[in-house]
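**Student:** sequence and predicted structure below; questions after.
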Amino acid sequence: MMTDMPDLILHRGVFTTLDRSNPTASAVAIKDGRFTRVGQDHEIMPLAGSSTKIIDLKGRRVLPGLIDNHLHIIRGGLNFNMELRWDGIWSLADAMALLKRQVAITPPPQWVRVVGGFTEHQFAEKRLPTIDELNAVAPDTPVFLLHLYDRAILNGAALRAVGYTKNTPEPPGGEIMRDANGNPTGLLLAKPNANILYATLAKGPKLPFDYQVNSTRHFMRELNRLGVTGAIDAGGGFQNYPDDYAVIQKLSDEGQLTIRLAYNLFTQKPKGEKEDFLNWTKTSKYKQGNDYFRHNGAGENLVFSAADFEDFRVSRPDMPHEMEGELEGVVRILLQNKWPWRMHATYDETISRALDVFEKVNQDMPLEGLHWFFDHAETISDESIDRIAALGGGIAVQHRMAYQGEYFVERYGFGAAEATPPVKKIIDKGVKVSAGTDATRVASYNPWVSLAWLVTGMTVGGLRITPPRNCLDRETALRMWTENVTWFSNEEGKKGRIQVGQLADLIVPDRDYFSCAGGEIAETASDLTVVGGKVVYAASDFKSLDSAAPPPAMPDWSPVRAFGGYAAWGSAESAGQPALARKMAMSCGCANQCKIHGHDHATAWSAKLPISDLKSFWGALGCACWAV
């Protein structure tokens, strides 16, 4: 009997198990990293032995650990300690104050980098900083500011550091904005793709290996703080295999991973994609690894000719005529080696052409049983959904519209944005579907922003783009972030629920996800995160259990030391910032909602009508429904 003694018992909780045969519980027992009993206190507590650790949850809500279906965690980890995050900062003035503080402690020749995860629409000012403003706070320190994947802004010092001058030729696929004399202004545009942004960022200093190890640990720690216990890594531009995987492999070998990670291999050389996959299929085996670090196939980039970048500020790109032939060659290699794949595809036009290839290959090399899927799929059509279903594929959606919804509406209109992507319809059609972030550059890594978007239909700028009929209920949204993701990593039944036999990954959020206001979902963090039966993060009531923190962020000028991560949670000056919508509601002093459309201040204030002027006709009415 002693061999059955649990290692850990958590009790007096309100467990949402997502196990339909046992949907609620008050206690769980864990042994050897798995749930061994899930039930009520009176059933579980007698199992405790002398060496069993017991955690009293004091009536708190418990959820399965969140799993991100599309996160650039390996690349992000190598750089996390060098990046100042504007994710969750609600005014440009506050963002610039953070930048100024970071400039003051960043030694030459290092850069200050704000590398994505935010949008200008989240700021009360509804704009990005000017180059003059960047130069004013950083006359000598290079500053690189990446906004989504549409532009980068460099101050004068950064232009000098990368060597862009009047004589620098225009890069393929991008544009260096210039003044009347032909000198670069500091604005780089992705037209039609983001290669100029990748390439310029790659010119910056890199952390030494030991610092990258520390950086990756801090990134995992930040994800644990937000309740993430697993992720599927989608590769990434300028991330080479196996060289850039040495850090994550070291952490895996040493048992220091606090995120369960399945990784896909992303081709790196245009016109050399077949060679990449021929080489990798010889040296790597699908599913090689363990429950913490395992190979998950190919993607998200399979061939460069099929990459339709998601910049909704510009027209939809047409894929070149050679796309089908190049894609077919790679898909056949993958099928021969039984590798599943994921494929970046923003627009239905790209998806339908790729499906032509998949259907052709399926005639003599069946796709049956292979867990392949499209990523993103913002404008996917009903016909394409049905074709994916017929081939047994899946669709992995991310919350990029929470950051780019305003641009999409401006180009295509509110009607088109109502089901972009059509998550509810995909679910109703029975196609495998899950959710993630596509962090760290094009969107924030905060999973609760994604959950809030799925539930409320709101962008981080406060614009309601998804009507209630197309939004998800909270349990369905949670399943999109837990059990649904496991199909995409071929781990169904192993994790994603609080269920006997599954991996013991769970979180205790700092508020009740099922009863808090919709506007508060995005503000959630975790007070207790458990992975494999081990506490990997603890705060608030559970702070005394927190023994897994990595050493301080390296180097000592790292923004992570000063600010933490999302919403600058580690900075005393930034602590306790209310959400944007709440700030707006408080500033106008109203207490009641419009009973027709809802008193949506953020939508109204971001509209082109002069409603922010309280003395004007629109502002006097004060209701968003008059402005949209």
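**Tutor:** That came through, no problem.
**Student:** what distance do you get for residue 26 to residue 415?
**Tutor:** Residue 26 is 47 Å from residue 415, where distance means CB to CB, to the nearest Å. (C-beta placed from N, C-alpha, C; glycine too.)
**Student:** of these two, who's got more company?
**Tutor:** residue 26 (20 against 8; other CB atoms under 10 Å).
**Student:** list the contacts for the more buried one?
**Tutor:** Counting by CB atoms under 8 Å, 6 or more residues apart in numbering, residue 26 touches 11, 12, 13, 14, 15, 39, 40, 41.
**Student:** 10 Å instead, please
**Tutor:** 10-15, 38-44, 57, 59, 62 (CB atoms under 10 Å, 6 or more residues apart in numbering).
**Student:** any of the residues you listed buried? List them.
**Tutor:** The neighbour count (16 or more other CB atoms under 10 Å) marks 10, 11, 13, 14, 15, 38, 39, 44, 57, 62 as buried among the contacts of residue 26.
**Student:** which ones among the contacts of residue 26 map onto helices?
**Tutor:** Applying DSSP state H to the contacts of residue 26, the entries found in helices are 41, 42, 43, 44.
**Student:** go ahead and confirm the last one touches residue 500.
**Tutor:** Same thing as residue 44. No: contact criterion CB atoms under 10 Å: residue 44 and residue 500 do not qualify, at 11.5 Å.
**Student:** which neighbours do the two share?
**Tutor:** Counting by CB under 10 Å, 6+ apart, the residues touching both residue 44 and residue 500 are 28, 29, 36, 37, 38.
**Student:** if any of these are buried, put those into a PyMOL selection.
**Tutor:** Here is the PyMOL command that selects the buried residues among the shared contacts of residue 44 and residue 500 (16+ other CB under 10 Å):
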select buried, resi 28+29+36+37+38
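**Student:** as JSON lines, the shared contacts of residue 44 and residue 500 with distance to residue 74 would be great.
**Tutor:** Listed next are the shared contacts of residue 44 and residue 500 as JSON lines, based on distance: CB to CB, whole Å:
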{"residue": "28", "distance to residue 74": "31"}
{"residue": "29", "distance to residue 74": "34"}
{"residue": "36", "distance to residue 74": "32"}
{"residue": "37", "distance to residue 74": "35"}
{"residue": "38", "distance to residue 74": "33"}
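**Student:** sitting in strands, which of the shared contacts of residue 44 and residue 500 do you find?
**Tutor:** Counting by DSSP state E, the shared contacts of residue 44 and residue 500 place 28, 29, 36, 37, 38 in strands.
**Student:** nearest to residue 569, of those residues?
**Tutor:** Nearest to residue 569 among those is residue 28, at 28.5 Å by CB to CB.
**Student:** do a quick rundown of the strands in the stretch 51-200 of the chain.
**Tutor:** 53-56, 61-64, 66-71, 112-115, 143-147, 151-154, 174-178, 184-190 (DSSP state E, counting those that start in this stretch).
**Student:** among those, show me which one is buried the most.
**Tutor:** Across these, the average number of neighbours (mean count of other CB atoms under 10 Å) peaks for strand 66-71, which reaches a mean of 29.
**Student:** what mean pLDDT does that one have?
**Tutor:** Here strand 66-71 scores 98 as its mean pLDDT.
**Student:** again with stretch 112-131
**Tutor:** 97.
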